[in-house]
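Chemist: structure for the following, please:
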Amino acid sequence: MSFFSDVERDLVVAARTVVADGVVALDLVAHNGRDLPAWAPGAHVDLVLADGRAPGTERVERQYSLCGDLADRSTWRVAVLREDGGRGGSVRVHHEVREGQRLRVRGPRNHFTCQLLPGAAYRFLAGGIGITAVLPMARAATAAGVDWTLDYAGRSISTMAFADDALALDDGTGRVRLHPADQGARLDVAALVKGAVDHGAGVYACGPARLLTALEEAFTAEGRPESLHVERFEAVEYGEPVWAEPFEVELATTGDVVVVSPGQSVLEAIEEQSPAAVVLSSCRRGTCGMCEVPVLEGEIEHRDSVLTPVEREESAVMMACVSRAAGPRIVLDV
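Modeler: Next comes the predicted model:
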């Protein structure tokens, strides 16, 4: 289940805290002291770091998981890993965002939900900054009294944000396990997957693409791909599209038919050729899920990092920023 809110609000940076090497946490509050909307584990928000209004500038917004206290409606917390080789958003946060500053924030949105059922078992897995999405799930699982474990892998303890918060959730049974690579405590993906399958547990994971790909391959080999739920913060790399020719997209709501050229996204074609149509977007890389649109007809080549294998098979929706038609024509409920 996904939950999306497109409301934008100006929030104040109440605190800026270094929580690990290269990781800064921002505590965001309403300027008038009012409570913020409730959120569920797995939710994220968009930080608008530049509005693009100045001539020659572009709008810059990035998505970050909410990782604070679910019960504290006064504050939203996000944590940002500085990535010098990234697209520049995290560097701006580290260099420019200060306490007392106002930030434009949109959301929350959630396509990484975890429904905690009595009697069920859950295995949470975080790689690096992926702990921000997974830690609230572990906290919620503790409150719900369900069977759960958390495995958290990173380069070193000093780079692993919220490691102490994770360990504080351990009840003495060793259900929280840290895997700092520099100490030789590497995560055994095959063993984790086999244990989850043997216990009938659902696995919720967030981390680098290499880790998530290894998990997907392992669960597929076990014949249990539906047991794995992932949140990606890196776009999946795809090769050439299966349909390399132009294709038509009929917009059922407006009645327009737009032509998508090779090298152009469905979203770009709609924006250019059917201005009356409204498709909201944010990341434009297939990772945030904001541009999700219903599919009424046609075969889709899914090139996003959001949908599960089951959702891809159903093809009830597509991400307009990256996914494409796998044939000459599709119909969208736009």
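Chemist: going by C-alpha atoms from here, please, whenever you check contacts or count neighbours.
Modeler: Will do.
Chemist: please tell me how far the closest residue to residue 278 other than its chain neighbours sits from residue 319.
Modeler: Spatial nearest neighbour of residue 278, chain neighbours left out: residue 334 (7.2 Å); criterion: CA to CA, 6 or more residues apart in numbering. Using CA to CA, to the nearest Å, residue 334 is found at 12 Å from residue 319.
Chemist: quick check: neighbours shared by the two?
Modeler: Common neighbours of residue 334 and residue 319 (criterion: CA atoms under 8 Å, 6 or more residues apart in numbering): residue 293.
Chemist: which one's more surrounded, these two?
Modeler: Neighbour totals were compared for residue 334 and residue 319, and residue 319 leads with 30 against 19 (other CA atoms under 10 Å).
Chemist: quick check: the more buried one touching residue 286?
Modeler: Yes: here residue 319 reaches residue 286: they are 6.5 Å apart, a contact under CA atoms under 8 Å.
Chemist: which neighbours do those two share?
Modeler: residue 304.
Chemist: quick one: what helix or strand has residue 248 in it?
Modeler: strand 247-251 (DSSP states H and E).
Chemist: neighbouring strands for the very next helix or strand once past that strand, and are they parallel or not?
Modeler: Using DSSP H and E, the helix or strand that directly follows strand 247-251 along the chain is strand 257-260. Strand pairing for strand 257-260, using DSSP bridges, gives strand 247-251 (antiparallel).
Chemist: for the closest residue to residue 161 other than its chain neighbours, give the beta-bridge partners.
Modeler: Closest residue to residue 161 apart from its sequence neighbours, by CA to CA, 6+ apart: residue 20 at 5.0 Å. Under DSSP bridges, the beta-bridge partners of residue 20 are residue 23.
Chemist: isn't residue 20 right up against residue 156?
Modeler: No: with contact defined as CA under 8 Å, residue 20 does not reach residue 156; the gap is 10.1 Å.
Chemist: need the contact list for the residue lying closest to residue 253 once chain neighbours are set aside.
Modeler: Nearest residue to residue 253, sequence neighbours excluded (CA to CA, 6+ apart): residue 334, at 5.1 Å. By CA under 8 Å, 6+ apart, the residues touching residue 334 are 251, 252, 253, 254, 277, 278, 279, 293, 294.
Chemist: with residue 81 instead?
Modeler: Per CA under 8 Å, 6+ apart, neighbours of residue 81: 22, 23, 24, 90, 129.
Chemist: distance of it from residue 221?
Modeler: Residue 81 is 32 Å from residue 221, by CA to CA.
Chemist: residue 247 too?
Modeler: From residue 247 to residue 221 the distance is 35 Å (CA to CA).
Chemist: compare these two (neighbour count), which wins?
Modeler: residue 247 (19 against 10).
Chemist: isn't that one right up against residue 328?
Modeler: Yes: counting by CA under 8 Å, residue 247 touches residue 328, with 4.6 Å between them.
Chemist: now the helices: where do they sit in this structure?
Modeler: 89-96, 131-144, 163-167, 189-198, 209-221, 266-273, 309-314 (DSSP state H).
Chemist: nearest to residue 243, out of those helices?
Modeler: In terms of CA to CA, the element of these nearest to residue 243 is helix 266-273, at 13.2 Å.
Chemist: residue with max distance from the center of the chain?
Modeler: residue 255 (32.4 Å; CA atoms, centre = their mean).
Chemist: state the pLDDT value of that one.
Modeler: For residue 255, the pLDDT comes out at 94.
Chemist: sorry, back to before: nearest to residue 303 among the contacts of residue 81?
Modeler: residue 129 (23.4 Å).
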